[in-house]
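[1] After the sequence you'll find the predicted model.
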Amino acid sequence: MLVVVLDLFGTFVFALSGAMVGVQKRLDLFGVLVLSFAVGAAGGMTRDVLLGAVPPVAISDWRYIVVALGAGLLTFYWWPVIDRMRGTVLIFDGAGLALFAVTGAQKALNAGINPVAAVLLGVLTGVGGGMLRDVLVSEIPTVLRSELYAVAALAGATVVVIGDRLPVPASVAMNAGALLCFGLRVVAIRRGWQLPTPRPPDQSSQDGTAPVEGAEERARRR
Amino acid sequence: MLVVVLDLFGTFVFALSGAMVGVQKRLDLFGVLVLSFAVGAAGGMTRDVLLGAVPPVAISDWRYIVVALGAGLLTFYWWPVIDRMRGTVLIFDGAGLALFAVTGAQKALNAGINPVAAVLLGVLTGVGGGMLRDVLVSEIPTVLRSELYAVAALAGATVVVIGDRLPVPASVAMNAGALLCFGLRVVAIRRGWQLPTPRPPDQSSQDGTAPVEGAEERARRR
Amino acid sequence: MLVVVLDLFGTFVFALSGAMVGVQKRLDLFGVLVLSFAVGAAGGMTRDVLLGAVPPVAISDWRYIVVALGAGLLTFYWWPVIDRMRGTVLIFDGAGLALFAVTGAQKALNAGINPVAAVLLGVLTGVGGGMLRDVLVSEIPTVLRSELYAVAALAGATVVVIGDRLPVPASVAMNAGALLCFGLRVVAIRRGWQLPTPRPPDQSSQDGTAPVEGAEERARRR
């Protein structure tokens, strides 16, 4: 039950992030709705296909469809309101990442696959939606460029899998995992935390102080 | 039987549209053939994977392979002829959309999934091929930008699903659905019909008459 | 057993090629690791999903994960060494293509599908990893642009399928197929072999000598 609620909420926030990108790219109403559904459903569909649970719930359960399209309509018709939250696409994306990472890991555990695979499937489920969104608008996915994106998903999924071995209810582990993942993302975005990048291969940066672009600036530009 | 014929024809027209984009991008022979197959088979493969019908017919049935590669060879070697029909990539794409939307919905019904899911799966099957084509050549997919694209697929799939509840043969519903979807696309392309776009978020359009680009022009440019 | 070893090696070399592109695009550590895993695992995951063998081994078998992430770490931290081999992304990509083409075909045969489908699935498995890599960094996939890429995969997979009908051990056919595929790719890259391209549709090349870009140059630029 909790899995379904979190899953629907994850679908909603990813759908919002997809719709916001759609409006910013000036797509028409149905373009925005398609992008909402695709981004909201991609993570869960990937998870279900990889677990062999077909047809995926995002297709067979009407609530997912309603939630994803609802997020698209909301964004499209209430744009003046949503617009003020424009800087928050990344925040919604972080919430979707957190929710799908934990539900992905939990569903994998429920299906009986091993712990390492469950963590990995959680990460894949989490990053799927945002990856598709960025590929569809011809951009390099956030997960590849952004500070601690995959790490946050990894942390959230790991908490769920460890919790499964401890005498705590699954709901506690899932909430803890989601909060950890989301918290890491938010702090990473606000502080501009960043993992090391290798020496630039193409430019001659003799002084070693390559002008690394601030993470927050990159986030804002998006 | 009818599903197979329409499905093969859908594969052919999507493969043609893929091959035409390939030639326009100056790919070599095998690049064109890969693009033909990928675009022709993507919609049906997505449908089959989501329904759990693996291996997908596009792989296991040699006729799909022959049809898709045939479309690629035709386009490549008869380019002077095909070239004259260059404005028609969108028309072929519309035919593929119509055929896959109705076969996708019908196969979903045959597999016993619920009506809403069948409509959705029809839409996904229809838009899959064109989406992959555009992603592979690094463009934002037509389905996101184009007038009434998803709506047409939705209409076609809905006719099939409603027909399933009425005392009419499936073949009638499928033909009606395909014609409706194709007709909507053709009229939308010719007339430049367009859904509303939201106020542009980035530009200051004070008079409210943002210079919305004509749909036909956009179509031609592609 | 041999399938697993070749499969792991294919995962490793594709993961290397993904990581090298990641470092060249100046991704951070985890971006590189995500790209390594995605590129290393994509071919095999596609194959397993299409064959209905879920969850795919790339997720359920920890060795694939270790191998893919190991390739990423190696590339990231030993960049000065890897850098000197920069021209070799294409070579590693060719090795991955060869290994996945033969293991894809063999696994398909093991699953009992027909020979033509087995060849096709081998090709799809082979081209999947590189395709995803290029799509994720917003480039038109090598398989569409490059000399004899799909042909090489086709040749390798065909050898495996023919070998299955002959009284030779599967290991012999697989090694022969992989060598043929890899050899074709290497020679194609070195010699700049190229398939015919059609007359350019957009430019008026009256003399028929369109300035076709050298394949080797294209390869080097990447």
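    Great, that's in hand.

[2] any weak-confidence spans in chain A?
    Along chain A, the parts satisfying pLDDT under 70 run over A:85-87, A:147, A:192-222.

[3] how about the residues of it near chain B?
    When proximity is defined as CB under 8 Å from any CB of the partner chain, chain A approaches chain B at A:22-31, A:33-35, A:45, A:49, A:52, A:54-56, A:59-60, A:62, A:65, A:76-77, A:79-80, A:83, A:86, A:135-138. Bear in mind the C-beta positions are built from the backbone N, C-alpha and C, glycine included.

[4] Now, the residues you listed that are in helices?
    Judged by DSSP state H, helices contain the following of the residues of chain A next to chain B: A:22-24, A:29-31, A:33-35, A:45, A:49, A:59-60, A:62, A:65, A:76-77, A:79-80, A:83, A:135-136.

[5] Quick check: ChimeraX command selecting the buried ones in those.
    Selection of the buried residues among these in ChimeraX, burial being defined by 16 or more other CB atoms under 10 Å in any protein chain shown:
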select /A:22,23,24,29,30,31,33,34,35,45,49,59,60,65,76,79,135,136
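
[6] Which members of the ones in helices among the residues of chain A next to chain B additionally contact chain C?
    Under the cut-off given by CB under 8 Å from any CB, chain C has A:49, A:135 from these close to it.

[7] Please, which helix or strand holds the most centrally placed residue in chain A?
    Within chain A, one residue has its C-alpha closest to the average C-alpha position: by CA atoms, centre = their mean, that is residue A:97, at 2.8 Å. With elements delineated by DSSP states H and E, residue A:97 resides in helix A:89-110, which encompasses its position.

[8] just to revisit the earlier point, who touches the residue nearest to the centre of chain A in this structure?
    A:126-127, A:130, A:149, A:152-153, A:156, A:181-182, A:185 (CB atoms under 8 Å, 6 or more residues apart in numbering or on different chains).

[9] try 7 Å this time
    A:126-127, A:130, A:152-153, A:181, A:185 (CB atoms under 7 Å, 6 or more residues apart in numbering or on different chains).

[10] can you name the two of these that are farthest apart?
    Comparing all pairs in the contacts of residue A:97 by CB to CB, the longest separation belongs to A:130 and A:181, at 13.1 Å.

[11] What about residue A:175, how many residues nearby?
    Look at residue A:175: counted by other CB atoms under 10 Å in any protein chain shown, it has 17 neighbours.

[12] Now do the helix holding residue A:97: distance to the chain's middle.
    6 Å (CA atoms, centre = their mean, to the nearest Å).

[13] Stretch A:144-151 now?
    On the basis of CA atoms, centre = their mean, stretch A:144-151 is displaced by 11 Å from the centre of the chain it belongs to.

[14] now check that stretch, is it near chain C?
    Yes: with CB under 7 Å from any CB of the partner chain as the threshold, stretch A:144-151 lies in contact with chain C, specifically through A:144-145, A:147, A:149-151.

[15] Can you give me the end-to-end span of that stretch?
    Distance between the boundary residues of stretch A:144-151 (CA to CA, to the nearest Å) amounts to 11 Å.

[16] repeat for stretch A:47-61
    Using CA to CA, the end-to-end distance of stretch A:47-61 comes out at 15 Å.

[17] Could you do stretch A:108-121 as well?
    This stretch, stretch A:108-121, spans 7 Å end to end (CA to CA).

[18] can you pull the buried residues of it?
    The neighbour-count check on stretch A:108-121 (16+ other CB under 10 Å) flags A:108-109, A:111, A:113-121 as buried.

[19] cool, and stretch A:4-15?
    Neighbour counts using 16+ other CB under 10 Å place A:6-15 of stretch A:4-15 among the buried residues.

[20] List the contacts of it.
    Counting by CB under 7 Å, 6+ apart, stretch A:4-15 makes contact with A:36-37, A:39-41, A:43-44, A:63-64, A:67-68, A:71-72, A:92, A:95-96, A:99-100, A:102-103, A:129, A:174, A:178, all of which sit outside it.

[21] Give me the neighbour count for residue A:171.
    Neighbour tally, residue A:171, other CB under 10 Å: 14.

[22] Can you tell me which of the contacts of residue A:97 is closest to chain C?
    Proximity of the contacts of residue A:97 to chain C was ranked by CB to the nearest CB; the top entry is residue A:127 with 7.1 Å.

[23] Now that closest one: closest residue in space that isn't a chain neighbour?
    Of all residues not flanking residue A:127 in the chain, residue A:143 sits nearest, at 4.6 Å (CB to CB, 6 or more residues apart in numbering or on different chains).

[24] just checking, that neighbour touches residue A:149?
    Yes: using CB atoms under 7 Å, residue A:143 is in contact with residue A:149, at 4.8 Å.

[25] Please identify which of those two sits among more neighbours.
    When neighbours are counted by other CB under 10 Å, residue A:149 comes out ahead of the other of residue A:143 and residue A:149, with 29 against 25.

[26] And that one, how far from residue A:186?
    Between residue A:149 and residue A:186 the computed distance is 12 Å (CB to CB, to the nearest Å).

[27] Please state the backbone phi and psi of the residue nearest to residue A:127?
    Dihedral angles of residue A:143 (phi, psi; degrees, to the nearest 10) stand at phi -60, psi -30.

[28] check contacts around it.
    By CB under 7 Å, 6+ apart, the residues touching residue A:143 are A:127, A:130-131, A:149-150, C:34.

[29] now do residue A:113
    With CB under 7 Å, 6+ apart as the criterion, the residues that contact residue A:113 are C:55, C:60.

[30] Got the phi and psi for it?
    For residue A:113, the backbone dihedrals are phi -90, psi 160 (criterion: degrees, to the nearest 10).

[31] try residue A:141
    Given degrees, to the nearest 10, the pair of backbone angles that residue A:141 has is phi -60, psi 140.

[32] Can you give me the neighbour number for the closest residue to residue A:91 other than its chain neighbours?
    Ranked by CB to CB, 6+ apart and with sequence neighbours excluded, the top spatial neighbour of residue A:91 is residue A:186, at 6.7 Å. Counted by other CB under 10 Å, the residues lying close to residue A:186 total 16.

[33] quick one: which helix or strand includes residue A:186?
    helix A:170-191.

[34] Next, the angle from that helix to helix A:89-110.
    Between the axis of helix A:170-191 and that of helix A:89-110 there is an angle of 150 degrees, by axes from the mean of the first three to the mean of the last three CA atoms, to 10 degrees.

[35] Distance from the chain centre to helix A:170-191, please.
    Chain-centre distance of helix A:170-191: 12 Å, with CA atoms, centre = their mean.

[36] which residues sit against it?
    Surrounding helix A:170-191, the residues in contact under the criterion CB under 7 Å, 6+ apart are A:2, A:6, A:90-91, A:94-95, A:97-99, A:101-102, A:106, A:147-148, A:151-153, A:155-157, A:159-160, A:163-164, A:193, A:216, A:219.

[37] Of these, grab the buried ones for ChimeraX.
    Here is the ChimeraX command that selects only those of the contacts of helix A:170-191 that count as buried (16+ other CB under 10 Å):
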select /A:6,90,91,94,95,97,98,99,101,102,106,147,148,151,152,153,155,156,157,159,160,163,164,216,219
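
[38] one step back: ok, so what distance separates the residue nearest to residue A:91 from residue C:81?
    37 Å.

[39] for residue A:37, same thing?
    45 Å.

[40] So for the two, which sits in the more crowded spot?
    A direct count of neighbours by other CB under 10 Å for residue A:37 and residue C:81 places residue A:37 higher, at 26 against 10.

[41] okay but that one is in contact with residue A:67, surely?
    No: the pair residue A:37 / residue A:67 is not scored as a contact, 9.7 Å apart, by CB under 7 Å.

[42] quick one, the helix or strand containing residue A:12 and helix A:170-191 angle?
    Assigned by DSSP H and E, residue A:12 belongs to helix A:2-24. Taking the same axes, to 10 degrees, helix A:2-24 and helix A:170-191 form an angle of 30 degrees between their directions.
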